Every structure is written in C-alpha cells, then in structure tokens.
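1. next come a sequence and a model predicted from it.
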Amino acid sequence: MKNKKIKKGIGKIHLWLGLSSGIIVFIIAITGCLYAFQEEIQNMTQDYRFVSAQQSPFLPPSQLLKIAQKELPGKTIHALKYNRKTDAAEAIFFHYEPTYYYTSYINPYSGKVLKTVNNETGFFPFILDGHFYLWLPDQIGQIVVASATLIFLILIISGFILWYPKNKSAAKQRFSFKWKKGMKWKRKNYDLHNITGFYVLLIAFIFAITGLVWGFQWFSFSYYKVLGGEKSLVYTEPVSDSITEQKNTQITPLDAIWLKMQKEYPKAESIEIHPPETTSSSIDANANFNKGTYSTIDYRYFDQYSLKEINVYHIWGRKKDDKIADTLMKMNYDIHTGGIFGLAGKIFAFLISLLIASLPVTGTLIWWGRNKNRKK
C-alpha cells in the first residue's frame, strides 16, 4: 500500500513536470535533430569551403592575416585555421561586446578570399539559437533551456520508476509492442510513451548530463569535481613577458609558431594559430587530428616575444597532461552530438533525439485522454 502511494506521488510529479516542460523539451530535441548533420550538409552545399590541392606550400599566417584584415577592417581576428590540402583556410573573426562572428574562407595557396560568412545568420545558426536559448535573449534563454533540461533529467528518473514492472507478467508488456487488432489508440499511445521511454532512457540521460554541463556553471563544476577534476574550468589567457628580449628570427613570431606546429603535428587535419590581440597576449595554437571532433585537439600557448611555451592550469591545455576528468570534459560536445563515433554516431543521436521529441507528445496525449474520460 505504501509503495502504491509513493508510485502515485511520483506519477503526479512526472505528469506535472512533463506538462510544464514538454514544449521546451520538444523544441530542444527537434532542433538537435535538425542540427545533427549541419557540418555534412554545409560541406555538400558550400563549395567555397574547398580548394584544389596543389604542390606549392600554404601561405604563412603573417600573409593570411594581412589578407583577412582587408576583408573586415577594424574587426578582431580571433584565429587563422589551416585545414587539409583540399580545404580552404579560415580566418575567424570573433568578439564579445560588440558581438560578432565571421569566417573568411581563403585559398591557402593563392590567398584569394573565396567568401566571407556571417556565422550568426542563416538556417543552422537559427536552429542552434533555438537549441541553446529558445530564441530568447542569451542570458534568459540559457536559464530556461537549462532548467527544462534539469526537469527532463528528473523526468527520466521518475519515468524509469513508473516503468519498472512489479512482476514478471507485467514485464512482458514493458519491452515490446504487442498490439492486437482492434486495440484502442489510447493503449497504443501509452505503449509508445512507455516502451520508447525505456529504450531511449540511457542515451537521453547522457544528452541531459552533457547539456547541463553547458547550462549551469554549478553543475559543470560539480560534475567535473565528481569525476576527479583538479584544474580550473575557467579559461584564463596566458601572459607574454614584454620585458623579455624578442627572439632573433628571420620570420615573424606567428609564422615561427605555425612552422613549429606543422613540424610537431605532421598528421594533424587542422592547425589553428591565434594572433596576439594585445602586447601582453600569448600566441595560442592548437592541432586537431580529427577535424570533425573537438576532443582530439591539443592546445599550446607561447610567449609572443621569446616564443617560449607557457604552461596553463585550466583544462584547455596539453592532451598529454589530461586526466580522465579533463578528457571527459573535452569530449562533452562530441558525446552530446554523437560525433565521437563519427557519422554513425550522429545518425544514432539524430534518431534518439527524434524519439525523445515524441515523448512530450505521447505524454500529453495520455494526460488528455485521461482528463477527457474524467469529464465524461
């Protein structure tokens, strides 16, 4: 009797939390589906991302920097990104307050600007804005989406408790659809909600956890500490020592670091160089062995005068210094999108997101059907 009352109470919590957050969970899941293959779709439809491979070497960063600066005068170049031999180089303009985010695609052999794109406009930026912020102002939208994700996490746990069969005979109806001819749609809808919810439960839980890492700082910090993390999650820019005598080289510091990265990462699919924005900034660089993921990036920092490497104490540092907690935090985006398993992982994540989007719909229909019966 006591267990029945507890389960009834959990049922009410599940119902009202589901009704209050259902539309938001639906939007988050659907926008996640639509965004799943954005990279593949853009590669197919945007030919300016690619160039013909040539035997000549890439232009060094010092030259690409001058070319890019002419494209958007007065705007800060955050990074210069070199990709594979058949890919365009990218000059990334990014800044907070005023906020802007542009990418100039440049032929790395000739220096010709192929196209400059505003990354805050277009279909996929619109979808991403809905997924992260529900198309609300960022500060408000982030709280709303993160709160709905936290509620969804509670729904996953309460849903499993409600699903859990009380005996063997009940268990037979919890794992597979056994629809008979003439069965009412209400029963079919109940099974869709119940059985689908069970099969997506584990992946939905992972989606919720990885989403909350971005949503709430307190959650991100707690999650990292529980995993055993010891570094800072806050990025702090290393400082160059302007008193240090500049290293005597025939090439610019930017080019020297780029050549060093090329030499140390000959198999990298992308190498990114960040020009120093102030006299005290470092030259940041990173190499990625798999252009389609973020967890494979190795981050480096160098004094812009002496070119000496600078150690950092946040998680965005050398992969060789990473512990399990650091690796999992860096893998967060790749896990959330399924990209950690390549295209197959993205397809799987797309299908699971679609099934998750169905849960608020079938759940609302269950409530509506029961409510209608009571009125009768």
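-> That came through, no problem.
2. from here on, contacts and neighbour counts on C-alpha atoms
-> OK.
3. which parts of the stretch 1-150 of the chain are helices?
-> 2-35, 38-45, 61-71, 123-133, 138-163 (DSSP state H, counting those that start in this stretch).
4. possible to save those as CSV with mean neighbour count, distance to Ser295 and mean pLDDT?
-> What follows is the helices of the stretch 1-150 of the chain, written out as CSV (neighbours: other CA atoms under 10 Å; distance: least, CA to CA, whole Å; pLDDT from 0 to 100):
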stretch, mean neighbour count, distance to Ser295, mean pLDDT
helix 2-35, 17, 19, 91
helix 38-45, 12, 17, 94
helix 61-71, 17, 24, 96
helix 123-133, 19, 20, 96
helix 138-163, 18, 23, 94
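5. quick one, which of these is nearest to Thr278?
-> helix 61-71 (15.3 Å; CA to CA).
6. which helices and strands does that closest one pack with?
-> strand 77-82, strand 89-95, strand 100-106, strand 113-118, helix 253-264 (3 or more CA pairs under 8 Å, 6 or more residues apart in numbering; DSSP states H and E).
7. any chance of the ones you listed in TSV, plus mean pLDDT?
-> Output for those, formatted as TSV (pLDDT from 0 to 100):
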stretch	mean pLDDT
strand 77-82	96
strand 89-95	96
strand 100-106	97
strand 113-118	97
helix 253-264	96
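8. tabulate the ones you listed (CSV), appending mean neighbour count.
-> Formatted as CSV, those follow (neighbours: other CA atoms under 10 Å):
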stretch, mean neighbour count
strand 77-82, 23
strand 89-95, 23
strand 100-106, 22
strand 113-118, 16
helix 253-264, 17
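9. ok, Tyr105 - contacts?
-> Counting by CA atoms under 8 Å, 6 or more residues apart in numbering, Tyr105 touches Tyr48, Arg49, Ala88, Ala89, Glu90, Ala91, Val113, Leu114, Lys115, Thr116.
10. need the nearest residue in space to Asp322, chain neighbours excluded.
-> Leaving aside its sequence neighbours, Asp322 sits nearest to Ile315 (CA to CA, 6 or more residues apart in numbering; 7.6 Å).
11. just give me the neighbour total for the one you found.
-> 23 (other CA atoms under 10 Å).
12. cool, Asp322 as well?
-> Residues near Asp322, counting by other CA under 10 Å: 16.
13. which phi and psi does it have?
-> phi -70, psi 140 (degrees, to the nearest 10).
14. same question, Thr296
-> Per-residue torsions, Thr296: phi -100, psi 10 (degrees, to the nearest 10).
15. now it, nearest residue through space, not along the chain?
-> Closest to Thr296 by CA to CA, 6+ apart is Asn288, at 5.7 Å.
16. same question for Met331.
-> Per CA to CA, 6+ apart, closest to Met331 is Ser295, 4.7 Å.
17. look at that neighbour and give its secondary structure.
-> coil (DSSP: H, G, I helix; E, B strand; the rest coil).
18. so who does it touch?
-> Counting by CA under 8 Å, 6+ apart, Ser295 has contacts Thr327, Lys330, Met331, Asn332, Asp334.
19. do you know how far it is from Asn3?
-> Separation of Ser295 from Asn3 (CA to CA, to the nearest Å): 45 Å.
20. quick check, Ser52 in contact with Asn107.
-> No - using CA atoms under 8 Å, Ser52 makes no contact with Asn107, being 9.0 Å away.
21. of these two, which one has the most company?
-> Between Ser52 and Asn107, counted using other CA under 10 Å, Asn107 has the larger neighbour count: 24 against 10.
22. which ones are touching that one?
-> Val51, Ala88, Ala89, Val113, Leu114.
23. and for the fourth one, nearest residue in space, chain neighbours not counted?
-> If I follow you right, that is Val113. Nearest to Val113 is Ile106, by CA to CA, 6+ apart, at 4.4 Å.
24. I figured the one you found hits Ala89, correct?
-> Yes - the pair Ile106 and Ala89 passes the contact test of CA under 8 Å, sitting 5.1 Å apart.
25. mind checking the pLDDT average for stretch 229-237?
-> Stretch 229-237 carries an average pLDDT of 93.
26. kindly report the same for stretch 324-343.
-> 95.
27. Ile283 and Thr252, how far apart?
-> Applying CA to CA to Ile283 and Thr252 gives a distance of 12 Å.
28. more crowded one of those two?
-> Ile283 (27 against 15).
29. same question for the helix or strand encompassing that one, mean pLDDT?
-> Take DSSP states H and E as the rule and Ile283 turns out to sit in strand 282-288. Mean pLDDT, strand 282-288: 96.
30. and it, how far from the chain's centre?
-> 20 Å (CA atoms, centre = their mean, to the nearest Å).
31. measure how it sits relative to strand 77-82, angle-wise.
-> 40 degrees (axes from the mean of the first three to the mean of the last three CA atoms, to 10 degrees).
32. residues contacting strand 282-288, please?
-> The contact list for strand 282-288 (CA under 8 Å, 6+ apart) reads 237-240, 254, 257-258, 261, 265, 268-276, 294, 296-304.
33. switch to 6 Å and redo it
-> For strand 282-288, contacts defined as CA atoms under 6 Å, 6 or more residues apart in numbering pick out 238-240, 268-276, 296-304.
34. now stretch 144-158
-> Counting by CA under 6 Å, 6+ apart, His14, Ser21, Ala208, Gly215 sit against stretch 144-158.
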